[in-house]
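> Quick one, fold the following:
(2 chains)
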Number of protein chains: 2
Amino acid sequence: MRILGIDPGSQRTGFGIIEMHAGGRLVYIHHGCLQLGRQPFLQRLGLIHQQLHEVLQDFRPQSAAIEAVFMARNADSALKLGQARGAALVTLLEAKIPVSEYSALQIKKAIVGVGRAEKVQVEQMVRRLLGLPDPVQSDAADALACAICHAHSSGTTDRWQERQIR
Amino acid sequence: MRILGIDPGSQRTGFGIIEMHAGGRLVYIHHGCLQLGRQPFLQRLGLIHQQLHEVLQDFRPQSAAIEAVFMARNADSALKLGQARGAALVTLLEAKIPVSEYSALQIKKAIVGVGRAEKVQVEQMVRRLLGLPDPVQSDAADALACAICHAHSSGTTDRWQERQIR
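Numbering: from 1, shown residues only, chains lettered A, B, ... in the order given. Predicted coordinates for the structure are as follows:
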């Protein structure tokens, strides 16, 4: 199963693609950040849609995982994050890719083993789990972590199926 | 010129369509609310995309107007509003419809003549300007108000062109 993890943001949207093979073995495929630059805000939403659509065309993931956001720093950043997230989610829904949401706690537990892990620990463990020698940009690392969390949870498909969008 | 006004929200998304004819005469075409029901949140984003896409197919607006949101009540509602807004905006951008944003102040001034107008005054003036005998649901009235504001501003196209997305 090929999984896309995504970490949307209006300044940077990270993504990562992995495959889960027989026996739960994880294989790294690709990661990156959508190039949103310093465009006006509305244009950045369009770029998220276009570029994520290209990623879907190029890599054909069968499912997607995203971090659930329960709380944002403040109303202004929540509004920006929300719009970026809405743009990304609609692109996935449009491509009929089932989307699963995981809490930050679930993701950290799946990667590091503890829910209180630091960001840098997550990045290091993502690299170790996927055999990546070089540092990974933080948003792309979070996206890969989300994809790994989804892979680990795929045994519990039933629980997630209800939350998936077809 | 056929104009779509839209007032996105994760519970209700209102829309309104008008035409501006020669001499600035406004003609009412249609209004309504997308049916998002009590679906899980992700599904509602998908419904905004699908149903707005159908509205675009059915009514073929040449431009769209949306209220600019500068501030939300709190981070939680901002996150929900943002995602609904992102879903709607991506649908418009995807259809290559130029989107213009107007502040609440600009919209109220365009409709009622004063920026401090009450919601009910806006609805009444929208009905008067478009010759609608029956009450209009509040989100659809806001969407129509936004479309009217855009029609009134179309003399100042240059100013908006910079903010439009092609």
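> Give me the local confidence score for the residue of chain A found nearest chain B.
Among all residues of chain A, A:G82 sits closest to chain B, at 1.9 Å; criterion: Cβ to the nearest Cβ. To be clear about C-beta, it is placed using only N, CA and C from the backbone, and glycine gets the same treatment. For A:G82, the pLDDT comes out at 95.
> what do you get for A:S153?
88.
> I'd guessed it sits against A:I107; true?
No. Distance between A:S153 and A:I107: 10.0 Å, which falls outside the contact criterion (Cβ atoms under 8 Å).
> and the residue of chain A closest to chain B, what does it touch?
The neighbours of A:G82, taking Cβ atoms under 8 Å, 6 or more residues apart in numbering or on different chains as the test, are A:A72, B:A78, B:L79, B:K80, B:L81, B:G82, B:Q83, B:A84, B:R85, B:G86.
> doesn't B:R12 make contact with the fourth one?
So the one you mean is B:K80. No. B:K80 is beyond contact range of B:R12, at 11.9 Å (criterion: Cβ under 8 Å).
> Other residues contacting the helix or strand containing A:Q106?
Applying DSSP states H and E as the criterion places A:Q106 in helix A:104-111. Helix A:104-111 is contacted by residues A:67-68, A:102, A:114-117, A:122, A:125-126, A:129, A:142, A:145-146, A:148-149, A:152-153 when judged by Cβ under 8 Å, 6+ apart.
> related to what we said a few turns ago, among the contacts of A:G82, which ones are buried?
A:A72, B:A78, B:L79, B:K80, B:L81, B:G82, B:Q83, B:A84, B:R85, B:G86 (16 or more other Cβ atoms under 10 Å in any protein chain shown).
> what's the spacing between the third one and B:P61?
This points to B:L79. 28 Å (Cβ to Cβ, to the nearest Å).
> ditto for A:R116
Taking Cβ to Cβ, one finds A:R116 at 50 Å from B:P61.
> do the same with A:D142
With Cβ to Cβ as the criterion, A:D142 and B:P61 are 38 Å apart.
> Among the buried ones among the contacts of A:G82, name the ones in helices.
Among the buried ones among the contacts of A:G82, the residues falling in helices (DSSP state H) are B:A78, B:L79, B:K80, B:L81, B:G82, B:Q83, B:A84, B:R85, B:G86.
> Can you give me every residue that contacts the fourth one?
The reference is to B:L81. Contacts of B:L81 by Cβ under 8 Å, 6+ apart are A:L79, A:G82, B:P8, B:G9, B:S10, B:V69, B:A72.
> is it true that the fifth one touches B:D76?
Okay, so that is B:S10. No. Using Cβ under 8 Å, B:S10 makes no contact with B:D76, being 11.0 Å away.
> Comparing those two, which residue is more hemmed in?
B:S10 (21 against 15; other Cβ atoms under 10 Å in any protein chain shown).
> can you confirm that one is in a helix?
No. Read with DSSP: H, G, I helix; E, B strand; the rest coil, B:S10 is coil and lies in no helix.
> Pipe the buried ones among the contacts of A:G82 into JSON lines and attach distance to A:L42 per row.
As requested, those are exported to JSON lines (distance: Cβ to Cβ, whole Å):
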{"residue": "A:A72", "distance to A:L42": "20"}
{"residue": "B:A78", "distance to A:L42": "17"}
{"residue": "B:L79", "distance to A:L42": "19"}
{"residue": "B:K80", "distance to A:L42": "19"}
{"residue": "B:L81", "distance to A:L42": "16"}
{"residue": "B:G82", "distance to A:L42": "13"}
{"residue": "B:Q83", "distance to A:L42": "15"}
{"residue": "B:A84", "distance to A:L42": "15"}
{"residue": "B:R85", "distance to A:L42": "10"}
{"residue": "B:G86", "distance to A:L42": "10"}
